[in-house]
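Visitor: Below are the sequence and a predicted model for it; my questions follow.
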Amino acid sequence: MWAFLKRRTLTQWILAGMVAGGVLGWLDPALGVKLQPLSMVFLRAIKSIIVPLVFATLVGGIAGHGTDLRKVGRLALRAIIYFEIVTTLALVVGLLAVNLVRPGVGVALGAAAAPEAAAQTGLASVLQHIVPQSFFEAAAQNEVLQVVVWSILFGIGLTQVSGRPREVIVEFCGGLAEVMFKFTGIVMKFAPVGVASAIAFTVGHGGVRVLTSLVAVILTLYAALAVFLLGVLLPVILLTRVPLRAFVRAIKEPALIAFSTASSEAALPLALERIEQMGVPRRIVSFVLPVGYSFNLDGSTLYLAVGSLFVAQAAGIHLSLGQQLVMMLTLMLTSKGVAGVPRASVVILAASVASFGLPLEAVAVLFGVDQLMDMARTCTNLIGNGLAACVMAKWEGEFREPSEVS
């Protein structure tokens, strides 16, 4: 029996944890709710890895591997262009799905408490937000995008330093990155327990009604995300010749963690490690994944399209195609750089529908089943960003085929 258990992979243990957590939350909801601290311990341990890992890999990648500054600028430009194209396609898929299915028609508006609407977030606010006034404040608050920007500037400054000072810092960053990858491996041993606890809490807290309420909008979102994965991301894989099997093997465990915990942060350290092992250079994966964490939220963007029109349909308000396009542009701009906000998509949705004169009551209805939708959109975000790193490596001509990876 012990030999059998030792042969099980992390993926199998995580899947077993998801099933066990769901059954436990269904059979004993009170116990499922009480298990939430275990999932929080896992998430807090994972979040403690992110800042040192991102800092070490970015600075080491820029200053330690002779990276030309023009390469950094080119990579950033290509990544931003790719992000915008893919997120636009996600919006299109979401718009088509919600207009075809019309899940909000006939939904009675509930009286649940709606999330507080966030202040309007424009381009100026986003630009101010990405530059930290203190690295340590950004690190303490897990503001990943701010840490990325600061680390890039630090790495660029380090390239202009010669001699022993540069060598010392580069060696430190290399050593820190290796330690943090080992740290990630240790924390991942607790992943099945953390995942089981998160699922048990979700089912125990919401009860069976979580699985039955608003079935139409939940199924619409899941179907739209499936269409996006197969109709957008799969063709990208084929067109750029990213090895499909290798990518699936690399992304499956981080994606399962993202789905079960509904947290991109929980999956980020393992995704960094797995995508690098797949053949993407560290300098690319350590830049694209954290930046994509704020700018390439494919699943969240698609959800915003579905959610905003669901609100309009539930309120009986007809929006013309032009009005829908304006709303989508607004949602795309306001969603940038807010990944660190808890339930960021719901907060942005609430702020945006209010600005368009739509009732917040329908957002409150969505909020009741947001956990189920958050799991799917977070998983899609993770898969999209992992693919983006592979595509950037292909475009830079630095992707190592799996057979070349040691």
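Guide: Alright, I've got the coordinates.

Visitor: how about the strands in the stretch 51-200 of the chain?
Guide: With DSSP state E, counting those that start in this stretch applied, the stretch 51-200 of the chain shows no strands anywhere along its length.

Visitor: pLDDT weak spots in it?
Guide: Within the stretch 51-200 of the chain, the stretches with pLDDT under 70 are 64-69, 106-127, 129.

Visitor: what are the ranges of the helices in it?
Guide: 69-101, 123-130, 135-140, 144-159, 164-188, 191-206 (DSSP state H, counting those that start in this stretch).

Visitor: other SSEs contacting the shortest one?
Guide: Helix 135-140 sits against helix 144-159, with contacts defined as 3 or more CB pairs under 8 Å, 6 or more residues apart in numbering; DSSP states H and E. (C-beta placed from N, C-alpha, C; glycine too.)

Visitor: Can you give the distance from the helix it packs on to the centre of its chain?
Guide: What separates the centre of helix 144-159 from the centre of its chain is 21 Å, taken as CA atoms, centre = their mean, to the nearest Å.

Visitor: contact partners of that helix?
Guide: Residues outside helix 144-159 that contact it (CB atoms under 8 Å, 6 or more residues apart in numbering) are 50-51, 54-55, 58-63, 67, 69, 72, 129-132, 135, 138-139, 166, 169-170, 265, 268, 287, 290-291, 293-295, 337, 339-340.

Visitor: most packed of the helices of the stretch 51-200 of the chain?
Guide: helix 191-206 (a mean of 24; mean count of other CB atoms under 10 Å).

Visitor: quick check: angle from it to helix 164-188?
Guide: Orientation of helix 191-206 against helix 164-188 (axes from the mean of the first three to the mean of the last three CA atoms, to 10 degrees) gives an angle of 60 degrees.

Visitor: export helix 191-206 as CSV, just CAs?
Guide: The C-alpha atoms that make up helix 191-206 are tabulated as CSV, following Å, rounded to 0.1, in the frame of the first residue of the first chain:
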residue,chain,number,x,y,z
ALA,A,191,-1.1,21.1,-1.9
PRO,A,192,-3.5,18.2,-1.7
VAL,A,193,-4.5,19.1,1.8
GLY,A,194,-4.8,22.8,1.0
VAL,A,195,-6.9,22.0,-2.1
ALA,A,196,-9.2,19.6,-0.3
SER,A,197,-9.8,22.2,2.4
ALA,A,198,-10.6,24.9,-0.1
ILE,A,199,-13.1,22.7,-1.9
ALA,A,200,-14.7,21.5,1.3
PHE,A,201,-15.1,25.1,2.5
THR,A,202,-16.6,26.2,-0.9
VAL,A,203,-19.2,23.4,-0.9
GLY,A,204,-19.8,23.5,2.9
HIS,A,205,-20.3,27.3,2.9
GLY,A,206,-22.6,27.5,-0.1
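
Visitor: hmm, which of the contacts of helix 144-159 are the buried ones?
Guide: 50-51, 54-55, 58-63, 67, 72, 129-130, 132, 135, 138-139, 169-170, 265, 268, 287, 290-291, 293-295, 337, 339-340 (16 or more other CB atoms under 10 Å).

Visitor: contacting residues around T87?
Guide: With CB under 8 Å, 6+ apart, T87 has these contacts: N296, L297, D298, T301, M332.

Visitor: Next, check those against the helices and list the overlap.
Guide: The helices, defined by DSSP state H, take in D298, T301, M332 from the contacts of T87.

Visitor: So, low pLDDT: which residues of the stretch 251-400 of the chain?
Guide: Looking at the stretch 251-400 of the chain by pLDDT under 70, you get 333-348, 350-352, 354-355, 359-365, 367-369.

Visitor: now do 80
Guide: For the stretch 251-400 of the chain, the stretches flagged by pLDDT under 80 are 262-266, 293-295, 314-315, 323, 326-327, 329-372.

Visitor: Top of the ones in helices among the contacts of T87 by number of neighbours, please.
Guide: D298 (30 neighbours; other CB atoms under 10 Å).

Visitor: Test my guess that that residue contacts I85.
Guide: No: using CB atoms under 8 Å, D298 is not in contact with I85; the gap is 10.9 Å.

Visitor: for the nearest residue to E273 once chain neighbours are set aside, what are its contacts?
Guide: Distance criterion CB to CB, 6 or more residues apart in numbering; nearest residue to E273, sequence neighbours excluded, is F181 at 5.4 Å. Neighbouring residues of F181 by CB under 8 Å, 6+ apart: L53, P269, E273.

Visitor: same question, V101
Guide: So V101 contacts A216, T220, A223 (CB under 8 Å, 6+ apart).

Visitor: Helices - which of those residues land there?
Guide: Per DSSP H, the subset of the contacts of V101 in helices is A216, T220, A223.

Visitor: could the residues you listed go into TSV alongside neighbour count, pLDDT and distance to E398?
Guide: Listed next are the ones in helices among the contacts of V101 as TSV, based on neighbours: other CB atoms under 10 Å; pLDDT from 0 to 100; distance: CB to CB, whole Å:
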residue	neighbour count	pLDDT	distance to E398
A216	15	82	45
T220	23	91	39
A223	15	95	36
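
Visitor: Show me which of the contacts of F181 is closest to L239.
Guide: E273 (26.3 Å; CB to CB).

Visitor: so what's the nearest residue to L24 once chain neighbours are set aside up against?
Guide: In space, and not counting its chain neighbours, L24 is closest to A200: 4.7 Å by CB to CB, 6+ apart. Counting by CB under 8 Å, 6+ apart, A200 touches A20, G21, G22, L24, G25, L31, G32, L35.

Visitor: Just send those back as TSV, with distance to M375 and neighbour count too.
Guide: TSV is the format used below for the contacts of A200 (distance: CB to CB, whole Å; neighbours: other CB atoms under 10 Å):
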residue	distance to M375	neighbour count
A20	17	17
G21	12	28
G22	12	19
L24	17	20
G25	14	28
L31	21	12
G32	16	26
L35	17	22
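
Visitor: Most widely separated two among these?
Guide: The widest separation within the contacts of A200 (CB to CB) is 13.0 Å, between G22 and L31.

Visitor: rewinding a little: a markdown table for the contacts of F181, including neighbour count and distance to M188?
Guide: Below are the contacts of F181 laid out as a markdown table (neighbours: other CB atoms under 10 Å; distance: CB to CB, whole Å):
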| residue | neighbour count | distance to M188 |
| --- | --- | --- |
| L53 | 23 | 13 |
| P269 | 28 | 9 |
| E273 | 24 | 9 |
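
Visitor: and those as TSV, adding distance to Q12?
Guide: Formatted as TSV, the contacts of F181 follow (distance: CB to CB, whole Å):
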residue	distance to Q12
L53	26
P269	20
E273	19
